[in-house]
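*Asks:* Whatever this is, show me its structure:
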Amino acid sequence: MHFTTGTCLGDDVPIEVFSAVDRQTPGFVAWQETQWFFHCGDGAAFLGRAGAAELAAHPEVLEMLRQEASAGGRPPEQVERYLGSLDKDGRPTAYLFRCRVCAAHLAYSDFP
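*Replies:* I've put the predicted structure just below:
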């Protein structure tokens, strides 16, 4: 039985760790395909959905999301409007993770 679906993000992950996350970690509902982060060779902990207010405490995550949103060539003002519109309880939203080894925060968002 598979609990998580979607894309896994990260490098240098032993197959045993990937398999444990895939088969033993409950997934979550996302607007688009779910993604799961791996960091420091381990599965990251999913902290939940996050909006602009929750992400304000994590500038490194905002930069990660800024780069993600800019990848399609969107103008900076459009990207900043998008980041400001992220809503924990609505749409669009971000999905926040924390590395279980080094405590780095990671996130992705449902970019239209």
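*Asks:* who does the helix or strand containing Gln67 touch, helix- and strand-wise?
*Replies:* Here Gln67 is covered by helix 59-70, with elements defined by DSSP states H and E. Helix 59-70 makes packing contacts with helix 52-55, helix 76-85, strand 94-98, strand 105-109 when contacts are defined by 3 or more C-beta pairs under 8 Å, 6 or more residues apart in numbering; DSSP states H and E. (C-beta placed from N, C-alpha, C; glycine too.)
*Asks:* Adding mean pLDDT and distance to Arg66 as columns, could you present those in a markdown table?
*Replies:* Listed next are the helices and strands packed on helix 59-70 as a markdown table, based on pLDDT from 0 to 100; distance: least, C-beta to C-beta, whole Å:
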| stretch | mean pLDDT | distance to Arg66 |
| --- | --- | --- |
| helix 52-55 | 96 | 11 |
| helix 76-85 | 95 | 6 |
| strand 94-98 | 93 | 11 |
| strand 105-109 | 93 | 10 |
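*Asks:* Switch those over to JSON lines; also include mean neighbour count and distance to Glu63.
*Replies:* Below are the helices and strands packed on helix 59-70 laid out as JSON lines (neighbours: other C-beta atoms under 10 Å; distance: least, C-beta to C-beta, whole Å):
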{"stretch": "helix 52-55", "mean neighbour count": "17", "distance to Glu63": "10"}
{"stretch": "helix 76-85", "mean neighbour count": "14", "distance to Glu63": "10"}
{"stretch": "strand 94-98", "mean neighbour count": "23", "distance to Glu63": "13"}
{"stretch": "strand 105-109", "mean neighbour count": "22", "distance to Glu63": "10"}
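*Asks:* do you know which of these lies nearest Thr34?
*Replies:* strand 94-98 (7.8 Å; C-beta to C-beta).
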